[in-house]
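**Q** Just to be clear, the model below is a prediction. Sequence and coordinates:
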Amino acid sequence: MVRAIEWRDTPRPMIRLIDQTLLPLEERYLEVTRVDDLVAAIASLAVRGAPALGAAGALGVVLAMHQGAEEGWSDLKLQAEIERIRVARPTAVNLAWGVDRVRGAVGAGVAAVLGLARGLVAEDEAANRHLSRLGADWILARTGREQVRVVTHCNTGALATTAWGTAYGIIHELHDRGNLGLVYADETRPLLQGARLTSWELHKDGIPHVVEADGAAASTILRGLVDVAIIGADRITANGDTANKVGSVALALACARAGIPFVVAAPSSTVDMTTKTGDHIVIEERDGDEVVTLGGRRLAPEGVRGFNPAFDVTPHDLIAAIVTEKGIVEPATAPDPELLAAVAG
Ligand SMILES: CSC[C@H]1O[C@H](OP(=O)(O)O)[C@H](O)[C@@H]1O
């Protein structure tokens, strides 16, 4: 299985990550030894996906400690460099969560911090596999289908996590059980995580799928071609409002109209109980050129700007189930301002 991000001690202390901006045409690994390069890799989405960003945050603290020791940084400088990693992207809570999980051990030395970071990575993989089993059970019971047809958005597989995946992990579990009919993978404009990354993973895993234009997703749902929508998450607030890749709320609205379940899958590290509702989630706005260019070629006339929110928020009342490794809550049927406390980290 591909690993989006991992720590290596040899030939020198580094974060090794696959450059996801080049997939699927090229499988190139970056060997990151400097904070500047890690921040650039996060900002460019060379490494991306909420749980993978959690690992990047934790391993980034180890990286900063190594660089600081080499360059003689003061404690103040080290903390400032760690903060640069922590704020490299605003919407996925996992990046800050990963940094915060380990930075308190900085005074105990780099080995202690690395041990915590490696523990976080192992936790995430175990969480993904467990939530995948829980999610598959829930979907089979709710749909009553032997061969479940799924629509999914963006990429939530091994590339977006430390291994296995979240929404993708449920799809993989359904496939392994012989209960997967077909996956409709949204291309996910503008950076095409679905067409480039999810299809690459599904193909490698031998999972039957088609890639559809984002604009087809609503009619695919309304025409009864799918039984469930399963997506990941970047931040889930205390009441169940969920930020995820832009285009997600369109699927939720179509599922509500079609009367099929809209399911969010995420490790408990994606639950942010300090944010009460989705109104308070910072939505990353990326460079408009990502929308008005394609493959380096300009689409819209010169001077026409792109509007490029990278995420949207699905209100909790459109979500049939939020699946984490700690259990499942059903926001649409059990609204509660502290609903997620039961399955939070
Ligand atoms: C396993 S959750 C992945 C989550 O992150 C993606 O965003 P990005 O590709 O910009 O990092 C997308 O929202 C996915 O659902």
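**A** Alright, I've got the coordinates.

**Q** Name the nearest residue to the residue of the stretch 151-300 of the chain found nearest the ligand, ignoring sequence neighbours.
**A** Nearest to the ligand in the stretch 151-300 of the chain, going by Cβ to the nearest ligand atom, is Gly232, at a distance of 3.0 Å. Placement of C-beta: from N, CA and C, glycine included. Among residues not flanking Gly232 along the chain, Thr156 sits closest, at 3.6 Å (Cβ to Cβ, 6 or more residues apart in numbering).

**Q** Next, the contact list for Leu140, please.
**A** Val148, Leu174, Asn179 (Cβ atoms under 8 Å, 6 or more residues apart in numbering).

**Q** any idea of the mean pLDDT in the helix or strand containing the second one?
**A** Taking DSSP states H and E as the definition, Leu174 sits inside helix 167-176. pLDDT averaged over helix 167-176 equals 98, rounded to a whole number.

**Q** So which elements touch the next helix or strand after that helix?
**A** Counting by DSSP H and E, the next helix or strand C-terminal to helix 167-176 is strand 180-186. The contact analysis (3 or more Cβ pairs under 8 Å, 6 or more residues apart in numbering; DSSP states H and E) places strand 180-186 against strand 148-152, helix 167-176, helix 199-204, strand 209-212, helix 217-222.

**Q** Could you dump those into a markdown table with distance to Met1 and mean neighbour count added?
**A** A markdown table is the format used below for those (distance: least, Cβ to Cβ, whole Å; neighbours: other Cβ atoms under 10 Å):
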| stretch | distance to Met1 | mean neighbour count |
| --- | --- | --- |
| strand 148-152 | 18 | 25 |
| helix 167-176 | 10 | 26 |
| helix 199-204 | 9 | 19 |
| strand 209-212 | 18 | 18 |
| helix 217-222 | 27 | 20 |
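
**Q** okay, those in CSV with distance to Lys77 next?
**A** As requested, those are exported to CSV (distance: least, Cβ to Cβ, whole Å):
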stretch, distance to Lys77
strand 148-152, 42
helix 167-176, 39
helix 199-204, 39
strand 209-212, 46
helix 217-222, 47
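
**Q** Kindly report the residues of the stretch 201-345 of the chain close to the ligand.
**A** Contact residues (Cβ under 6 Å from any ligand atom) of the stretch 201-345 of the chain with the ligand: Ile231, Gly232, Asp234, Asn244, Lys245, Ala310.

**Q** closest to Ala46 among the residues you listed?
**A** Distance to Ala46, by Cβ to Cβ, is smallest for Ala310 among those, at 15.1 Å.

**Q** ok, the closest one touching Val282?
**A** No: with contacts defined as Cβ atoms under 8 Å, Ala310 does not count as touching Val282, sitting 10.7 Å away.

**Q** Compare those two (neighbour count), which wins?
**A** Ala310 (21 against 12; other Cβ atoms under 10 Å).

**Q** Let me see the contact set for the more buried one.
**A** Per Cβ under 8 Å, 6+ apart, neighbours of Ala310: Thr91, Lys245, Val246, Ile283, Glu284, Glu285, Arg286.

**Q** Report the buried members of those.
**A** Applying 16 or more other Cβ atoms under 10 Å to the contacts of Ala310, the neighbour count classes Thr91, Lys245, Val246, Ile283, Glu284, Arg286 as buried.

**Q** So which of those sit within strands?
**A** Counting by DSSP state E, the buried ones among the contacts of Ala310 place Lys245 in strands.

**Q** what does the average pLDDT come to for stretch 291-302?
**A** Here the average pLDDT along stretch 291-302 is 95.

**Q** How about stretch 133-142?
**A** Averaging the model's pLDDT scores along stretch 133-142 yields 98.

**Q** Get me the contact residues on the stretch 1-150 of the chain for the ligand.
**A** Going by Cβ under 6 Å from any ligand atom, the residues of the stretch 1-150 of the chain near the ligand are Leu45, Arg48, Gly49, Ala50, Pro51.

**Q** Please identify, among these, the one with the most neighbours.
**A** Result: Pro51 is most packed of those (other Cβ under 10 Å), 35 neighbours.
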